[in-house]
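Peer 1: Let me see the structure of the following:
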Amino acid sequence: MKKLIALVFALVASAGFAAEFPDISIADLKQAIADKKVTVIDVNGAASYKAGHVPTAIDFASQGSSLATALPADKDALVVAYCGGPACSAYKAAANKASELGYTNVKHLSAGISGWKAAKEPLEK
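Peer 2: Okay, here's the model as predicted:
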């Protein structure tokens, strides 16, 4: 019985962490960019960033410890992190850092840069 309780607890705990950052659609992110109401963080690395990124995105790799200065003063502002695509979890580094800095509206573009390109959305270089 103790093993069963431990297993149930472990499953519930892991399920709670799985949806830590809600997803944002490409359409909703495009609108937030157009409205200038989002800070986008690219977590794909400097070479990928230089090759092309979501418009207005900042390069997480180049920020280092200065990410706080690149983010808005309003801790409720929308912050969106993304990486390569749906199977990539590298975005969590930026999302977690933004959360640690006190940001409360952190989301994930699970489509990533691959989904952005597949949707034929423009890239910024």
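Peer 1: Please confirm that Glu20 is located within a strand.
Peer 2: No - counting by DSSP: H, G, I helix; E, B strand; the rest coil, one finds Glu20 to be coil, located in no strand.
Peer 1: Neighbours of it, how many?
Peer 2: When neighbours are defined as other C-beta atoms under 10 Å, Glu20 has 12 of them. Placement of C-beta: from N, CA and C, glycine included.
Peer 1: how about it, what does it touch?
Peer 2: Residues in contact with Glu20, defined by C-beta atoms under 8 Å, 6 or more residues apart in numbering, are Lys92, Ala95.
Peer 1: do the same with the one 4 residues further on
Peer 2: The contact partners of Ile24, by C-beta under 8 Å, 6+ apart, come to Ala32, Val80, Lys107, His108, Leu109.
Peer 1: The nearest residue to it once chain neighbours are set aside: which element?
Peer 2: Nearest residue to Ile24, sequence neighbours excluded (C-beta to C-beta, 6 or more residues apart in numbering): Lys107, at 4.2 Å. Using DSSP states H and E, Lys107 falls within strand 105-108.
Peer 1: Name the residues of that strand that come out as buried.
Peer 2: Val106, Lys107, His108 (16 or more other C-beta atoms under 10 Å).
Peer 1: Let me know the helix or strand that the spatially most central residue of the chain is in.
Peer 2: Against the mean C-alpha coordinate of the chain, by C-alpha atoms, centre = their mean, the closest residue is Ala81 at 1.8 Å. Taking DSSP H and E as the definition, Ala81 sits inside strand 78-82.
Peer 1: what does Lys117 give?
Peer 2: helix 112-118.
Peer 1: so how far is that helix off the chain centroid?
Peer 2: Relative to its parent chain, helix 112-118 has a centroid offset of 13 Å by C-alpha atoms, centre = their mean, to the nearest Å.
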